[in-house]
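Participant: model this:
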Amino acid sequence: MINIPPKPKASYLAKIGLPFAFMFSIFSFNMIDFNFSDFQNNLQNRKIVTEPLFNPKWQWAWDNTSSALLETIQIAILASIIGCAIALPLSFYASRATNLNKFSYFLYKSFLNLVRTIPDLFWAMMFTVAVGIGPFAGVLALVMFSLAIMGKLLSETIDSIDPGPMEAAKATGASHNQTVFTSALPQVLPNFTAYFLYIFELCIRASVILGLVGAGGVGRIIETQRIFLRFDRISPIIVIILAVVILIEQFSVWIRKRIL
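Facilitator: Got it, this is the predicted structure:
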């Protein structure tokens with residue numbers, strides 16, 4: 001006979017955690033004044049959105065968004081290149097494997113954490129006030145966005161590199177900077193390239209959102225049409241952006257397969 005192991009008993013954490021999660025969900029719903037009756041009543045306004053949304057004005061969208069879409073791509077390219085270029089040296093200072101000074105490591109790590117904490121939409125609002133409405137503000141906001149992501153990903157990648165090549169370089173009498181440049185950098189360059197392509201994809205999506213606060217790109221057109229409830233013009237713009245993002249994503253996947 002086959003011995004069937006006894007069914008494991010539910011842990012005390014599950015017995016306590018599930019009821020607590022349920023009660024906390026109810027408490028949260030009450031705190032935000034959520035109720036299903038208001039939700040059902042507000043659903044009656046969906047026709048304002050859905051009816052024009054499924055009657056797209058393709059010709060208008062193509063005639064009025066091609067230049068803005070190109071501007072969105074240009075913003076993403078510039079921001080990705082500048083942000084990742086700045087993040088490359090900072091990541092080595094924010095890694096324990098390549099920065100032996102504890103104070104310096106803490107300083108650079110804290111700076112990257114601070115940049116990553118601030119949302120890209122806030123950067124856009126701040127830069128539109130500082131340099132004015134337009135694509136330049138969008139580039140500056142996405143530079144900080146790219147810097148934050150690349151700094152996080154690359155510094156953690158550097159933490160896990162093989163220390164053997166660095167020790168061998170030090171044994172030959174190389175300085176610390178020479179050791180990092182000749183032994184650590186080559187190990188993370190493929191990852192850096194893959195991260196750059198990933199960040200470029202994110203910047204395409206983020207630049208659309210930044211346009212809503214006047215930071216240039218196709219998002220500015222979407223926000224203008226939303227104000228006038230012209231969802232028949234917004235829906236084809238969304239489809240065009242989706243097609244561009246898919247093409248860029250497939251191109252990035254194709255390149256990453258040949259790098260890694």
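Participant: Could you tell me which ranges of the stretch 1-150 of the chain sit under the pLDDT cut-off?
Facilitator: Applying pLDDT under 70 to the stretch 1-150 of the chain picks out residues 1-15.
Participant: make it 90
Facilitator: 1-76, 96-97, 99-102, 116, 118-138 (pLDDT under 90).
Participant: go on, the stretch 151-260 of the chain?
Facilitator: Applying pLDDT under 90 to the stretch 151-260 of the chain picks out residues 160-187, 189-191, 193-194, 197-198, 200-260.
Participant: could you pull out the strands for it?
Facilitator: For the stretch 151-260 of the chain, strands defined by DSSP state E, counting those that start in this stretch do not occur.
Participant: Then the stretch 1-150 of the chain?
Facilitator: Counting by DSSP E, counting those that start in this stretch, the stretch 1-150 of the chain has no strands at all.
Participant: residues in contact with the nearest residue to residue 184 once chain neighbours are set aside?
Facilitator: With Cβ to Cβ, 6 or more residues apart in numbering as the criterion, residue 184 has its nearest non-adjacent residue at 5.4 Å, and that residue is residue 98. Bear in mind the C-beta positions are built from the backbone N, C-alpha and C, glycine included. Neighbouring residues of residue 98 by Cβ atoms under 8 Å, 6 or more residues apart in numbering: 92, 158, 166, 180, 184.
Participant: Select from these the one having the most neighbours.
Facilitator: Comparing those by number of neighbours (other Cβ atoms under 10 Å), residue 158 comes first, having 24 neighbours.
Participant: residue closest to the middle of this protein?
Facilitator: In the chain, the C-alpha nearest the mean C-alpha coordinate belongs to residue 202, at 4.9 Å (Cα atoms, centre = their mean).
Participant: give me the number of residues near the residue lying closest to that residue once chain neighbours are set aside?
Facilitator: Nearest non-adjacent residue to residue 202, counting by Cβ to Cβ, 6+ apart: residue 149, 6.9 Å away. For residue 149, the number of neighbouring residues by other Cβ under 10 Å comes to 23.
Participant: same thing with residue 170?
Facilitator: Applying other Cβ under 10 Å, we find 15 residues neighbouring residue 170.
Participant: Name all residues that make contact with it.
Facilitator: 176, 179 are the contacts of residue 170 under Cβ under 8 Å, 6+ apart.
Participant: One more pass at 7 Å, please.
Facilitator: Counting by Cβ atoms under 7 Å, 6 or more residues apart in numbering, residue 170 touches residue 179.
Participant: and residue 123, what does it touch?
Facilitator: Contacts of residue 123 by Cβ under 7 Å, 6+ apart are 141, 144, 145.
Participant: I figured the first one hits residue 122, correct?
Facilitator: Which is residue 141. No: using Cβ atoms under 7 Å, residue 141 makes no contact with residue 122, being 8.5 Å away.
Participant: And residue 159, how far from residue 53?
Facilitator: Using Cβ to Cβ, to the nearest Å, one obtains 47 Å as the distance from residue 159 to residue 53.
Participant: same deal with residue 134?
Facilitator: In terms of Cβ to Cβ, residue 134 sits 29 Å off from residue 53.
Participant: before we move on, back to that, between residue 159 and residue 53, which one's more packed in?
Facilitator: Counted by other Cβ under 10 Å, residue 159 and residue 53 do not tie: residue 53 has more neighbours, with 16 against 13.
Participant: so the more buried one sits right up against residue 235, yeah?
Facilitator: Yes: with contact defined as Cβ under 7 Å, residue 53 reaches residue 235; the gap is 4.8 Å.
Participant: circling back to that earlier point, what distance do you get for the residue nearest to residue 184 to residue 27?
Facilitator: 47 Å.
Participant: cool, residue 213 as well?
Facilitator: For residue 213, the distance to residue 27 - Cβ to Cβ - is 34 Å.
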